Each structure stands twice: as structure tokens, then as C-alpha cells.
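1. Return atomic coordinates for the entry below.
(chains A and B, ligands or ions: 2)
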Amino acid sequence: MTGTAAIADAGGIAAGTAGGDRAARVLDAGGEVIACTVCDALHSVGAGPPMHGRLRCTRCGSVLLRAPRGALDSILGGALATVILVISAVFFPFLEISAKGLRSAASLVDVAFAFSEGITAPLALAVILMIVVLPVVRAAALGWALVPLRLGRPALPGAKRAFRFASRLKPWSMAEVFIIGVVVALVKIGGMATVSLGPAFWELTLIVLIVALESTSLCEKTIWRMLETRSRS
Amino acid sequence: MAHAGNPQPVLTARAAGLIGCATCGCVSRPGTAHCPRCGSVLHSRRPGSLSKVWAWWLAGLIAYVPANLFPMLESTFLGRRTDSTIVGGVVDLVHHGAYFIAGVVFFASVLIPVGKFIAVGYLAYSLRYRVQLSGHMRTLLYEVVEFIGRWSMVDVFVVAILAALVNLGFVVGFRPGPAAVFFALSVACTMVSALSLDPRLIWDAVERDGPDHG
Ligand SMILES: [Zn+2]
Ligand SMILES: [Zn+2]
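-> Ligands and ions are numbered 1, 2, ... in the order given. Below is the predicted model:
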């Protein structure tokens, strides 16, 4: 556990001695100062992100900065996998069932357009956005912003905007929630038909794991520090 | 963890006369419109946060009522049609002996939404009025709500998958019911409600409530 050692490094700036221009004293004290995004406490993070583990806020305990090593790899790996898997599940049926000689199969588009009648029609659009469009767009935005960083090159124009956009989309991109839906649906069907899972199903299952891995290793504040240093040119 | 206990006073960006960026943590002088690091619009505390939280919270609650009254799924089995609501669907699963999946659906479609209404309402209430919960517990509650809210959408996907896949002529078929729309709307509204809450306000309230709440 290297986390505890790191806590000591990210000393909170104490609210002691009043008087004078506090703002100036904080900013001119030397070393970088960041404010916790959860509780607003100021921290001096002179040496930047730790080599291992993470720096935590002394007030609320949320993560301030995280070791950047490997972070880009897992984010970009997740983005690439999402693009490949979602697109393949759009064009190929990823589920097929049969009962009494009858068969039926569904791709992601079929699933979204299940909501096509009457009052449920707008939901088709929302579902297409949540399980196809937003995951792919978010992955593309992450790629645009972060691939140059991974390759050690200067950031592309609009990299910051792309990364900000990707962060905004994160809650609404629901590929992994959808997979749990597939599992629940299969159990419901189980009694009445034989289910065969296409290869795309297993690929989709992979997304859940990859996205879970990605969200544990992603620290936006750390990525923003990297993006800032690389786009100064 | 080491950060429990000793509530030593910490200087916040606002108390120091500075603005901390809510996206990247970069600290700027007042009067700066956009964060120099990430380009986000800078606010010391997000304006109108509390009223947005309540507005979306209420919208979500209103949509949750028809989501439970209307059928979520219309199933036809050998020509006989049955409608089932969200809770009815869980009961069906229990009758089929699928206790685990019944548990998952009950958790995602009933416990999470109801729990989320209570949690977000409690946090929003705590911004105005004194509550007993410690600051760390309030942060934990906030993080859980943010993380878990989107998983309620699972039931909407289940309905879509069943309707798209199970269409075996006369034998068996499913059609989505109107509740799916209201339920999706309710989940989306509560997600926006939770996202509108500026967590820094929670800690301002913790400070106001006194040192034994740190
Ligand atoms: Zn904090
Ligand atoms: Zn910023």
C-alpha cells in the first residue's frame, strides 16, 4: 500500500495566520497548488503526481492525483475495444434464440428499434445514443485527445475540448449497463427458448471488464496536467 | 484510513480568495472566466446548483409514478397476452424460481431509484439544514449516488432486448409498454439531478455544521 505514504506529501494548506493577501501567498508559495474538486481544500502538490498509488485530499479523502503510469494505456485500450465491439454488434446479430423450429436474432440496432411504436418511439433514439453513438463518439474523442500523449507527441488541436467532451459523455455512455441487461433478458428467455450467444456477445462482455478497468484507472485531474504540459507549444 | 479524525482547519480555495476549477482542480484568481488548464467555465460554487437539483429531482419523481403504474412489458404466449409492471416483472421472475435475477431487477428498478430519491433529497436538504451525518459519509453517499444511478437503465434495455429478440410468431412475443418511456425519463432526470449537485456545497455545509461533523 503506497497510498498512505502519498497522503503525507499532499499536505493540505492550513487556514492559520490571517492577514495579508492570502491569494498571493498561496499562489507565490512556489510549487503547484490544486483545489480538491470535491471539497475545495487547497493542496500543494509540488512534485506532481506520485510514482505509485495516489494522493488523497486531507479533508474529504477523495483522490487528488494518481500515478500516471499505465493510465493512458488502459484508457486508450478501453476506447479501441469499445469502438471495435460496439460497431461489430451493430452489424452482426449478437444474440440468437430458437424454439419449436423458429429462430430469431437481434443486433444492437434491432434492440433500439424495439421501441418503435406509439409513445415508446423517442426511446429508440435515446437507446441508440446510449449504447451505440455515445460510446463510439466518446472513444473517438478520447483517442483524439490522448493518443498523441501516449506517443510522446504534442497534443492535436482541440485536444482539450475533446477530452472535456469525453468527460461530459461518460455518464450517458452505457455499453456496460446494456450488457447486464442482456444477461437479465437471457435468464427471462431461458425457460421458453434455446439461446445461442454469438461471438459478439462475448466481445460485448469484454467491454464491461474493460470499462470497469478504465474507470478505476482514470483520474481526470492527472490527465489534465499531462494535457496542459503537452499543448504548450 | 489516515484521514479520519483530527479535523485540522484547511484552507479552501474560496476562503483564500481564489477559484478552484471543478473539472481539473487548477487554481485561478477571481475574475478569470475560463480555466487556463482545461478551459471549463470557472465558478467558485456552481450557480443555482441547489434549485437545479430539486427541479430535476421532482421531475424524476413525477415520471417514476407512471413508470410503476403502466405496464413495462406486454408479453404474448400462445396467443394470450399479459401485461406486467416493473414490480409485476420481479414477481414473475420469483415465480419462475429465478431468485438471483429477480434480486438484480428488484435492486436496479426499485431499490436504486427509490434509494436515489432519498439520498439526493437528503444531500440537498443537508445544504440548507443541519444534519447529523459526517462529511465523509455525505461524500460517500454522493459518490455512490453518482456511480450507481445509471445502472437503473438496465430494465429499459431488458425490455428492448426481449422485444427485439423474442418474436417467434404465434408462440411467444414481447412488446415494450409505455412505462419504459417514463422509467427511462425518471432515471435520466435523477442522473441530471445528481450531476447538478456541486459537491463543494456539501463541504461548505459540513463546515457550517461544526467541527464534530468533519
Ligand atoms: Zn477534498
Ligand atoms: Zn480546469
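
2. Would you mind listing what in chain B touches ligand 2?
-> With CB under 5 Å from the ion as the criterion, chain B meets ligand 2 at residues B:Cys21, B:Thr23, B:Cys24, B:Cys26, B:Cys35, B:Arg37, B:Cys38, B:Ser40. Every C-beta, even on glycine, is put in place using the N, C-alpha and C of the backbone.

3. Give me the residue ranges of chain A where confidence is low.
-> Across chain A, the stretches falling below the confidence threshold (pLDDT under 70) are A:1-12, A:14-26, A:28-30, A:47, A:191-192, A:197-201, A:203-204, A:207-208, A:211-217, A:232-233.

4. Tell me where it has helices.
-> Applying DSSP state H to chain A gives helices spanning A:3-9, A:22-28, A:71-91, A:108-112, A:121-128, A:134-150, A:159-169, A:175-190, A:199-217, A:220-230.

5. residues near A:Ala41, how many?
-> Here the neighbour count serves as a burial measure; for A:Ala41 (other CB atoms under 10 Å in any protein chain shown) it reads 27.

6. Which residue, other than its chain neighbours, is closest to residue 182?
-> No chain was given, so I picked chain A. Of all residues beyond its chain neighbours, the one nearest A:Val182 is B:Ile161 (6.0 Å), with distances taken as CB to CB, 6 or more residues apart in numbering or on different chains.

7. ah, I was thinking of chain B
-> Leaving aside its chain neighbours, B:Phe182 sits nearest to B:Ala67 (3.9 Å; criterion: CB to CB, 6+ apart).

8. related to what we said a few turns ago, if I read this right, the residue nearest to A:Val182 contacts A:Ile179, doesn't it?
-> No. Counting by CB atoms under 8 Å, no contact exists between B:Ile161 and A:Ile179, whose distance comes to 10.6 Å.

9. For these two, indicate the residue with more neighbours.
-> Set side by side, B:Ile161 and A:Ile179 show unequal neighbour counts under other CB under 10 Å, the larger going to B:Ile161 at 26 against 21.

10. in what helix or strand does the more buried one lie?
-> Following DSSP states H and E, the helix or strand that holds B:Ile161 is helix B:154-165.

11. Measure how that helix sits relative to helix A:121-128, angle-wise.
-> In this structure, helix B:154-165 runs at an angle of 100 degrees to helix A:121-128, with axes from the mean of the first three to the mean of the last three CA atoms, to 10 degrees as the basis.

12. what mean pLDDT does helix B:154-165 have?
-> When pLDDT is averaged along helix B:154-165, the result is 88.

13. And stretch B:201-214, by the same measure?
-> When pLDDT is averaged over stretch B:201-214, the result is 79.

14. Now the residue of chain A at minimum distance from chain B: closest residue in space that isn't a chain neighbour?
-> Scanning chain A for the residue nearest chain B gives A:Ala35, at 2.5 Å (criterion: CB to the nearest CB). Ranked by CB to CB, 6+ apart and with sequence neighbours excluded, the top spatial neighbour of A:Ala35 is B:Gly20, at 2.5 Å.

15. Bridging across strands, which residues link to that neighbour?
-> According to DSSP bridges, the partner residues bridging B:Gly20 are B:Val27.

16. What is the neighbour count of the residue nearest to A:Leu186 when sequence neighbours are not counted?
-> Of all residues beyond its chain neighbours, the one nearest A:Leu186 is A:Val195 (5.5 Å), with distances taken as CB to CB, 6+ apart. By the criterion of other CB under 10 Å, A:Val195 has 17 neighbours.

17. what's near enough to touch A:Val195?
-> Each residue near A:Val195 by CB atoms under 8 Å, 6 or more residues apart in numbering or on different chains is listed here: A:Leu95, A:Glu96, A:Ile97, A:Leu186, A:Ile189.

18. Kindly indicate which of these lies nearest B:Gln132.
-> Distance from B:Gln132 was checked for each of the contacts of A:Val195 by CB to CB. The minimum falls on A:Leu186, at 44.2 Å.

19. picking up where we left off before, most neighbours among the contacts of A:Val195, which one?
-> Most neighbours among these, by other CB under 10 Å: A:Leu95, with 26 neighbours.

20. Verify the contact between it and A:Val182 for me.
-> Yes. With contact defined as CB under 8 Å, A:Leu95 reaches A:Val182; the gap is 7.0 Å.

21. Looking at chain B, what residue ends up closest to ligand 1?
-> Proximity of chain B to ligand 1 (CB to the ion) peaks at B:Trp203, 7.0 Å away.

22. any idea how far that residue is from A:Trp144?
-> Separation of B:Trp203 from A:Trp144 (CB to CB, to the nearest Å) stands at 34 Å.

23. Repeat that for B:Met153.
-> 27 Å.

24. same thing with A:Phe115?
-> Taken as CB to CB, the span from A:Phe115 to A:Trp144 is 31 Å.

25. The two: which has the busier surroundings?
-> Between A:Phe115 and A:Trp144, counting by other CB under 10 Å, A:Phe115 is the more crowded of the two (27 against 20).

26. what about the nearest residue to B:Phe117 once chain neighbours are set aside, how many neighbours?
-> Distance criterion CB to CB, 6+ apart; nearest residue to B:Phe117, sequence neighbours excluded, is B:Leu61 at 5.9 Å. Using other CB under 10 Å, the number of residues around B:Leu61 comes to 16.

27. Now B:Leu61: which helix or strand?
-> With secondary structure defined by DSSP H and E, B:Leu61 is part of helix B:49-69.

28. and the helix holding B:Ile161, how far out from the chain's middle?
-> Its chain's average C-alpha position is 21 Å from that of helix B:154-165, according to CA atoms, centre = their mean, to the nearest Å.
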